[in-house]
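J.: I'd like to go over a predicted model; first the sequence, then the structure.
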Amino acid sequence: MFMGVLKLIKGNYDAIIVGAGPIGSMVADRISKKNYDVLLVEEHYEIGKPVQCAGLITPRAFDLVDCRKHILNDVRGAQIFSPKGHTLSIDGGKEKAVVIDRASFDKEIVKSAIKNGAELSLGARAVKAERKNEKIKLTLYSNGRKMEAASKILIGADGIQSNVARWFALPRPKKILSCFQAEMVNIDIDLNFVKIFIGNEVAPQFFAWIIPTDAGKARVGLCTYGANGSSYFYFKRLFKNDISKQFLKEAQSINYTAGAIPIGRVSRTYDDNIMIVGDAAAQVKATSGGGIYPGLVCAKHCGEVAVTSLESNDFSKNLLSNYQKRCMKEIGKELKNDMRIHEVFAGLSDRQFEEIIDILDDEELLKIISEVGDMDYPSKVGWALLRKEPRLLKFVGVALKTFF
Ligand SMILES: Cc1cc2nc3c(=O)[nH]c(=O)nc-3n(C[C@H](O)[C@H](O)[C@H](O)COP(=O)(O)OP(=O)(O)OC[C@H]3O[C@@H](n4cnc5c(N)ncnc54)[C@H](O)[C@@H]3O)c2cc1C
C-alpha cells in the first residue's frame, strides 16, 4: 500500500514535513485535518521500515494517536537486575506499558494523514532547503531525479541526523546513545515483565533490556554512551554474562538493528518558516530513551502552531516560538529532569548500583515505585523516593545543586 516512487502532485504547499516517522506523520495528520496542502516526504520506500525501536510505550500515547490495535503485549512491571544479580521486582498489578508493532503503528498514523488529504512521497530524499521570497524551497532526489517543492512552513521530523536542523543552524542534542537490538525467539521470559540489566560492564551509562512481545519472543537490546567498544560489543556480552544469559540460553535472533537515540533536548526548535520535532529536536526521555510519547506530545503542539501560523499568514520565528513554549509547558520540565536523572545514573559505579538496589528492595519503597512510577514522568517517582528514603540523597547530591 505504501510503496511508490516520488511524484509531486503540486509544487507548492502550505507545509512540507521531512520524515514520515510517527512524529512527522502526526504533524502531517494535524495540519492536513484543517484542509491545508501538506506534503510528507520520506526517503525510505516503505513506512516504518527498517524498525529501530523496542516499541515500549505507555497507553497514554493512544490519547494522541488511534493505534491501539497494534499492541503486541501488555506489561505490568519490571525486573531490574543489579550488576551482581540482585533483582528488584516492580509489579504495577495492571497494564503499565504496552509493546507495539512499531512498523504498523507508524503506518496507521500515515494512513490517517493521507485520509485527511496529505500527499505522501516515498523514496524521496530531501537534500537541500533554502529561504526564498519568504518561502522555503526544498530540493528532493528520488531515483536519481531531482525535484523541487516550495512551502510556507518546513518541518524537520527527520530523526537524529536532522538535515533540516543543520540547514537552518538549529542546535543539536547534547548526547547520542549508541544502541543495538535483536528480535529473538526461544526466550525464557514472563510476558508480564520487562527485564532491565544495569552495570558498567553491561551497558555503560545506560541499560540493557529484554522486552517480551509474545510467548517465547522478545526484543533484546541495549544502549551505551562513551563506551570503549560499540553497543554490538556489549550486546554480544549479554549472552555470556551470568545474569542475563540465564534467559537467553536457547535464544535465536530473527533480525538485528543498530540505532541511536538523541538525549538532552535542543535549546531552540524553530526559526522563520521552520520547526523541528521528535528525535530531530531530541524530544526524548533521557531516563529510558523513549521518544515516541514526548515526540507525539510535541507533534501535537507543532501541528497546532503550524495551523495558527497558516491561519494568520505569519511564519515568523516570533509566532513559531509558541511551539517551543507549549512543548516546554507540557513536557519540557520533565525532559530536563530526566536528563539530570540520566546524568546521575551515568556517573554511578557498580558498587553504587548495588547499594541503591539494596536500599530500594524494601516493601514500602517498592510500593511507592509501583504506585507512583510512570515511564513518561519518571521524575515523579524520583522525588517520592527521595522524600521517603534520605539515604538516596547522597547519590544525587551533586545533581540536586543544579535543580535549584
Ligand atoms: C534501539 C532503539 C530502541 C528504542 N526503543 C524505544 C521504545 O521502546 N519506546 C520509545 O518510545 N522509543 C524508543 N526508541 C526511540 C524511538 O524509536 C524514536 O524516538 C522515534 O522513532 C522518533 O520518531 P521520529 O518520527 O522523530 O523519528 P524517526 O522515527 O527516526 O523518523 C524519521 C524519518 O525521517 C526520515 N528521513 C530522515 N532524513 C530524511 C531526508 N533527508 N529526506 C527524507 N526523509 C528523511 C527517516 O527515513 C525516518 O523515517 C528507540 C530507539 C532505538 C534506536
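T.: Structure's in. What do you need? In this text the structure is predicted, and so the values were computed from the model without any measurement.
J.: beta partners for the residue lying closest to residue 195 once chain neighbours are set aside?
T.: Leaving aside its sequence neighbours, residue 195 sits nearest to residue 210 (CB to CB, 6 or more residues apart in numbering; 4.2 Å). Backbone N, C-alpha and C define where each C-beta goes, glycine included. Using DSSP bridges, the beta-bridge partners of residue 210 come out as residue 195, residue 220.
J.: residue nearest the centroid of the chain?
T.: For the chain, residue 291 is the residue whose C-alpha lies nearest the centre (CA atoms, centre = their mean; 1.6 Å).
J.: show the model's pLDDT score for that one.
T.: According to the prediction, residue 291 has pLDDT 97.
J.: helix, strand or coil for the residue lying closest to it once chain neighbours are set aside?
T.: Spatial nearest neighbour of residue 291, chain neighbours left out: residue 284 (3.9 Å); criterion: CB to CB, 6+ apart. Under DSSP: H, G, I helix; E, B strand; the rest coil, residue 284 falls in the coil class.
J.: what about residue 284, distance to the ligand?
T.: 5 Å (CB to the nearest ligand atom, to the nearest Å).
J.: so who does that residue touch?
T.: Residues near residue 284 by CB atoms under 8 Å, 6 or more residues apart in numbering: 261, 262, 263, 265, 290, 291, 294, 295, 335.
J.: wait, the third one touches residue 175, no?
T.: Yes - taking CB atoms under 8 Å as the contact criterion, residue 263 and residue 175 are neighbours in contact, 5.0 Å apart.
J.: please say which of the two ends up with more neighbours.
T.: Using other CB atoms under 10 Å, the more surrounded residue of residue 263 and residue 175 is residue 263, with 26 against 17.
J.: let me see the backbone angles for that one.
T.: Note on residue 263: its backbone torsions stand at phi -130, psi 160 [degrees, to the nearest 10].
J.: and it, how far is that from residue 289?
T.: 7 Å (CB to CB, to the nearest Å).
J.: same deal with residue 69?
T.: 25 Å.
J.: ok, now residue 267?
T.: Residue 267 sits 20 Å away from residue 289, taking CB to CB as the criterion.
J.: so the two - more neighbours on which side?
T.: The neighbour comparison of residue 267 against residue 289 (other CB under 10 Å) goes to residue 289, with 23 against 11.
J.: how about the contacts made by residue 82?
T.: Taking CB under 8 Å, 6+ apart, we find residue 82 in contact with 88, 198, 199, 353, 354, 357.
J.: in strands, which of these fall?
T.: residue 88 (DSSP state E).
J.: as a markdown table, the contacts of residue 82 with neighbour count, distance to residue 312 and pLDDT would be great.
T.: Listed next are those as a markdown table, based on neighbours: other CB atoms under 10 Å; distance: CB to CB, whole Å; pLDDT from 0 to 100:
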| residue | neighbour count | distance to residue 312 | pLDDT |
| --- | --- | --- | --- |
| 88 | 20 | 52 | 94 |
| 198 | 22 | 49 | 97 |
| 199 | 22 | 53 | 96 |
| 353 | 22 | 52 | 95 |
| 354 | 18 | 57 | 96 |
| 357 | 19 | 54 | 95 |
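J.: quick check, nearest of the contacts of residue 82 to the ligand?
T.: Each of the contacts of residue 82 was checked against the ligand using CB to the nearest ligand atom; the closest is residue 198, at 16.6 Å.
J.: which stretches of the stretch 301-404 of the chain have low pLDDT?
T.: Scanning the stretch 301-404 of the chain with the threshold set as pLDDT under 70 gives 397-404.
J.: find the residues that touch each one of residue 263 and residue 289.
T.: Shared contacts of residue 263 and residue 289, counting by CB under 8 Å, 6+ apart, come down to residue 177.
J.: near the ligand, which residues of this protein are found?
T.: 18-24, 41-44, 52-57, 125-126, 157-159, 163, 179, 181, 221, 259-261, 278-279, 284, 289-293, 295 (CB under 6 Å from any ligand atom).
J.: what's the burial count for residue 94?
T.: Neighbour count for residue 94, taken as other CB under 10 Å: 9.
J.: if I pick the closest residue to it other than its chain neighbours, what's in contact with it?
T.: Counting by CB to CB, 6+ apart, residue 94 lies nearest to residue 76, which is 5.9 Å off, once chain neighbours are set aside. If you count contacts by CB under 8 Å, 6+ apart, residue 76 has them with 91, 92, 93, 94, 95, 96, 192, 193.
J.: leaving out chain neighbours, which residue sits closest to the third one?
T.: In space, residue 93 comes closest to residue 76 once its chain neighbours are excluded; the distance is 6.2 Å by CB to CB, 6+ apart.
J.: again, but for the fifth one
T.: Closest residue to residue 95 apart from its sequence neighbours, by CB to CB, 6+ apart: residue 74 at 4.5 Å.
J.: which residues does that neighbour bridge with?
T.: Counting by DSSP bridges, the residues bridging with residue 74 are residue 98.
J.: find the closest residue to the ligand in the stretch 51-200 of the chain.
T.: residue 159 (3.0 Å).
J.: neighbours of the residue nearest to that residue when sequence neighbours are not counted, how many?
T.: Distances taken as CB to CB, 6+ apart place residue 279 nearest to residue 159, at 4.7 Å, with adjacent residues excluded. Neighbours of residue 279 under the rule other CB under 10 Å: 24.
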